[in-house]
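[1] Structure for this input, please:
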Amino acid sequence: MAGNSTEPGQSVTSRIAAILLAFTDSNVHSLTEIARLTRLPVSTAHRLAVELAATDFLERDDSGRYRVAPSLRRLGADGWRPPTLAERGPFVLDDLSAATHRTARLGVLSGTVVNYIEKRPHQPVTSFDTAASLPAHATALGKALLAFSPLRNVERLIMNGLPEFTRNTITAPDQLRHSLASIRRAGFAVSVGELEIGSNAVAMPVFSDRKAIAVLELRVTDPRKELATVTAALSMACGSLARELRGGAHDDLPRERLVQTIPYKAAMTLDPAL
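    Next up, the predicted model:
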C-alpha cells in the first residue's frame, strides 16, 4: 500500500496525476472513460474526480461528464503554446502510413511548388527538406493545397505555365480552375497518373483557423475501388492533426464536410481520368 490510499501499488498523488493527464487528449470524459484511461477502479476514479471538482481542478457539465476547470488551465497558460506542424506532422504521418500500409506524404505549399515529407512502411519519416518538392498542378497534394489557397496563388501558377508530365497532366488553365472548384466542394483531391503514369494518390487538407495549412496524401493503386477507405483514413488523420495543432480544440469545419458524406459519383467527377 502506498501513502494513505486503500488500493495497493499507487500513491494518491500518482492517481490524481493520472486523472489530470487523462484530459490532455480530450476536453470531456465520463467517469467510465476516466477509469479506463487511468486503469483505476471506477469507485476510485469517482472519489478522486469528485474531490478534484470540489477543489476546482475539474468541473462537471450538465451531462455529468468531467472537464478541466478554467482555474487549472490558467496555471500553465502563460508558458503553454500549441505544437507546430513540424513537431506533430511527422507523428501523424507515421501513424497514417502504419494504419493503412501505404506510402503517405505531408505537404505544404511553397510558392508554386509543394514541399513534402514522406513516410513509407518500415522506413523513418524525414524532416521537411526544401529539395523534396513536387509540382502543385500535377499532384493530389498540390491540387488540394491550391484549391484552398488564395486565388492569387493559382493565377501565379497559371502565369508561370502548367508543364505537361504525362498525357493526364492538367495543362489548360480553365480545366485547372474547374478541377480546383470541384476539390473545394468535395474536400479532397485525386491524381491519376498526372505526374507519372501508374502513380495515383488521394489527398486531403489540414485546416487551422479555416485555412488549409498542409495536406496529407496516400498513394493508391485503384482510386475507384480504394476511394472510400482512403478518404476515411485521411479524414481521421487530418482531423487529428488539426486538433493537435489547436491544442485539442474542436474542429473548425462542420462535420457535414467530412468526405464520407459525399456521393460516390460526385467524388468521381474530381478527375476526368476516373
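[2] in stretch 163-170, what counts as buried?
    Phe165, Asn168, Thr169, Ile170 (16 or more other C-beta atoms under 10 Å). Quick note: C-beta positions are derived from backbone N, CA and C, even for glycine.
[3] between those, which is nearest Ala144?
    Distance to Ala144 across those (C-beta to C-beta) is lowest for Ile170, with 13.6 Å.
[4] per-residue confidence at the closest one?
    As predicted, Ile170 sits at a pLDDT of 97.
[5] Does it touch Leu157 like I think?
    No - with contact defined as C-beta atoms under 8 Å, Ile170 does not reach Leu157; the gap is 10.9 Å.
[6] Name the residues contacting each of these two.
    The contact sets of Ile170 and Leu157 overlap at His137 (C-beta atoms under 8 Å, 6 or more residues apart in numbering).
[7] the strands in the chain, which residues?
    58-60, 66-68, 104-110, 113-119, 133-135, 189-192, 200-208, 211-220 (DSSP state E).
[8] Mean pLDDT and distance to Thr13 for those strands - can I get that in TSV?
    Listed next are those as TSV, based on pLDDT from 0 to 100; distance: least, C-beta to C-beta, whole Å:
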stretch	mean pLDDT	distance to Thr13
strand 58-60	89	16
strand 66-68	87	18
strand 104-110	94	39
strand 113-119	92	39
strand 133-135	94	50
strand 189-192	97	50
strand 200-208	95	36
strand 211-220	95	39
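[9] okay, those, which one's buried deepest?
    Highest mean neighbour count among these (mean count of other C-beta atoms under 10 Å): strand 189-192, with a mean of 28.
[10] Now distance to Ala45 too, for the buried residues of stretch 163-170, in CSV please.
    CSV is the format used below for these (distance: C-beta to C-beta, whole Å):
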residue, distance to Ala45
Phe165, 57
Asn168, 56
Thr169, 57
Ile170, 56
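[11] any idea which residue sits dead centre in this protein?
    For the chain, the residue nearest the mean C-alpha position is Cys238 (1.9 Å; C-alpha atoms, centre = their mean).
[12] Can you give me the distance of it to Lys211?
    Remark: distance between Cys238 and Lys211 (C-beta to C-beta, to the nearest Å) = 13 Å.
[13] do Gly198 as well
    33 Å.
[14] again, but for Ile183
    15 Å.
[15] Could you do Ala53 as well?
    For Ala53, the distance to Lys211 equals 37 Å [C-beta to C-beta].
[16] Over to Pro41?
    45 Å.
[17] Same question for Val12.
    45 Å.
[18] ok, now Phe57?
    Taking C-beta to C-beta, one finds Phe57 at 35 Å from Lys211.
[19] now the angle between strand 200-208 and the biggest helix by length in the chain, please.
    Assignment by DSSP state H gives helix 223-245 as the longest helix of the chain. With axes from the mean of the first three to the mean of the last three C-alpha atoms, to 10 degrees defining the directions, helix 223-245 sits at 20 degrees from strand 200-208.
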